[in-house]
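Enquirer: got a sequence here, can you model it:
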Amino acid sequence: MRIHFIAIGGAVMHNLAIALHRNGHMVTGSDDEIYEPSRSNLATYGLLPPSAGWFPDKIHSDLDAVILGMHARSDNPELKRAQELGIKIMSFPEFLYDQTRNKKRIVVAGSHGKTTVTSMIMHVFRHAGMKFSYMAGSSLKGFDLMVGLSDDSEIAVFEGDEYPASALDKRPKFLLYKPDIAILNGISWDHMNVYKTEEEYIHQFRIFAESVSEGGTLIYFKDDPLVNRIASEVKGDINKIPYRVHGYFINKIGVFGATHNRVIPLKFFGEHNMQNLSAAREACFQAGITEDQFYEAIQSFEGAAGRLQILKKSDRGIVFYDFAHSPSKVKATIEAVAETFAGKRIVACLELHTYSSLNAGFLPQYRNTMDRASVPYVFFSPHAVELKKLPPLNPDIITGAFCNNSLRVFSNADDLFSDILREKQNDTIYLFMSSGNFDGYNLKKLADELV
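Expert: Residues are numbered from 1 along each chain as shown. Just a heads-up that it's a prediction; the model follows:
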């Protein structure tokens, strides 16, 4: 096939482009800006566009398909040209479904945990020697791409997020995958720029649960009231499997998963990850993985990139980075660290970076989320606020929204990290949480200085 990518620099888009190139397809692409690591990855395979921008002459009638990235606008000149020529235009979730329509599809959804659950399933499948297609929202040890398409596999596992598919298709991505096995791992309002009310956001998950194929399976977290209600309302001939947080305990040796008949050492921690573990287990069982296979494989799972990732560890402390940014993720991540490192001093720093988190109307959702940190920090960039065309943020509004009088709020990265370094002490756990990059600050260098 000859395939052109509009907005090839996206995290999933560039991985899909490379996967198709490696499978023998003719791939081209364009983008107005491409950042690392997308730039280097594309260059390695000769797929980096020679110039930034949009070039309608790249669109011609010999193309079999155009894949439209979610940040390309509806007036994109390449898109307009493709429409004029009548070329098939697809979003990447639409394309992934098309490529796996004859496979059994596992789709992982929820406001939090979907990357980790997807990664756990992939890790177990690979350990068991299964062939499968996949798409995950982060890199994973043992996989050089976030996307893989296998012609001779019978199963596919996709991370399904609720953000719109493209400028032409405003449906949530997870609705395009048409799951045979769906996982619903928890719901907490997010993406305020798309879903103006909490009910509108929740409704997307209701549609997702109803999209499970006839005779398919809905695996759902029973202890989330919203998820439980949605599952109870789903009609049709589907199998419903509830799950709860997996049994576990922590001692001086480490973290262990526990069932009625086995205890296994784990390389990840936190109650939220034990919830993720249960979701992955049920999905693997539905795919034919045995209990022994699952527990043997999961012992070597180290987590997805950017999820409680250790930047530095020494006898003076540990520095973690986590992608957490929404209120539920922030709370779960801090509580996981506080539980696992009980009695330790915890310095937690959150960057407000998304449209929702920088919106004064959404900020009260963060109430008490950082209360278990010994020294809590919040950082925001006024430039990010300006780019998102939001009113300026007042630090007092942030402090009030978090309901935490110990909170230290900074809008300058240099001042923030200078303050953190001044507070440096031994035997401290540092946790930096962001979906951004703290204005480009080098966290690895900072970690070296801290511990």
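Enquirer: my read: R206 touches S232, true?
Expert: No - with contact taken as Cβ atoms under 8 Å, R206 and S232 are classed as non-touching, separated by 11.2 Å. Just so you know, the C-beta spots here come from the backbone N, C-alpha and C atoms, and that holds for glycine as well.
Enquirer: for this structure, give the strand that spans the most residues.
Expert: When secondary structure is assigned using DSSP state E, the longest strand within the chain turns out to be strand 345-352.
Enquirer: re earlier: settle it for me: which of R206 and S232 has more neighbours?
Expert: Neighbours of R206 and S232, each counted by other Cβ atoms under 10 Å, are more numerous for R206; the result is 17 against 9.
Enquirer: got a list of what the more buried one touches?
Expert: If you count contacts by Cβ atoms under 8 Å, 6 or more residues apart in numbering, R206 has them with 230, 233.
Enquirer: name the SS class of it, please.
Expert: R206 falls in the helix class when you classify it by DSSP: H, G, I helix; E, B strand; the rest coil.
Enquirer: swap in A43?
Expert: helix.
Enquirer: that one and S30, how far apart?
Expert: Counting by Cβ to Cβ, to the nearest Å, the separation of A43 from S30 is 15 Å.
Enquirer: neighbour count: the two, which is higher?
Expert: Neighbours of A43 and S30, each counted by other Cβ under 10 Å, are more numerous for S30; the result is 25 against 11.
Enquirer: name the residues that touch the lowest-mean-pLDDT helix or strand in the chain?
Expert: Of all the helices and strands that make up the chain, the one with the lowest confidence by mean pLDDT, DSSP states H and E is helix 382-387; it has a mean of 91. Contacting residues not belonging to helix 382-387 are listed as 353, 358, 391-393, 411, 436, 439 [Cβ under 8 Å, 6+ apart].
Enquirer: heading toward the C-terminus, what's the first helix or strand past it?
Expert: helix 395-402 (DSSP states H and E).
Enquirer: which of the residues in that next one are buried?
Expert: Across helix 395-402, burial judged by 16 or more other Cβ atoms under 10 Å covers 398-399, 401-402.
Enquirer: equivalent analysis for stretch 432-446, please.
Expert: Going through stretch 432-446 with 16+ other Cβ under 10 Å, the ones that come out buried are 432-436, 438-439, 443, 446.
Enquirer: alpha carbons only: can I get that stretch in PDB?
Expert: Output for stretch 432-446, consisting of C-alpha atoms alone and laid out as PDB, is shown next (Å, rounded to 0.1, in the frame of the first residue of the first chain):
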ATOM      1  CA  PHE A 432       7.700  14.700  39.600                       C
ATOM      2  CA  MET A 433       4.400  14.400  37.800                       C
ATOM      3  CA  SER A 434       3.600  15.900  34.400                       C
ATOM      4  CA  SER A 435       2.300  15.400  30.900                       C
ATOM      5  CA  GLY A 436       4.500  18.300  29.900                       C
ATOM      6  CA  ASN A 437       8.200  18.900  30.400                       C
ATOM      7  CA  PHE A 438       8.600  21.600  33.100                       C
ATOM      8  CA  ASP A 439       9.500  24.200  30.500                       C
ATOM      9  CA  GLY A 440      12.200  21.900  29.100                       C
ATOM     10  CA  TYR A 441      14.000  21.500  32.500                       C
ATOM     11  CA  ASN A 442      16.500  18.600  32.600                       C
ATOM     12  CA  LEU A 443      15.000  16.300  35.300                       C
ATOM     13  CA  LYS A 444      17.700  13.700  35.000                       C
ATOM     14  CA  LYS A 445      20.300  16.300  35.800                       C
ATOM     15  CA  LEU A 446      18.200  17.500  38.700                       C
END
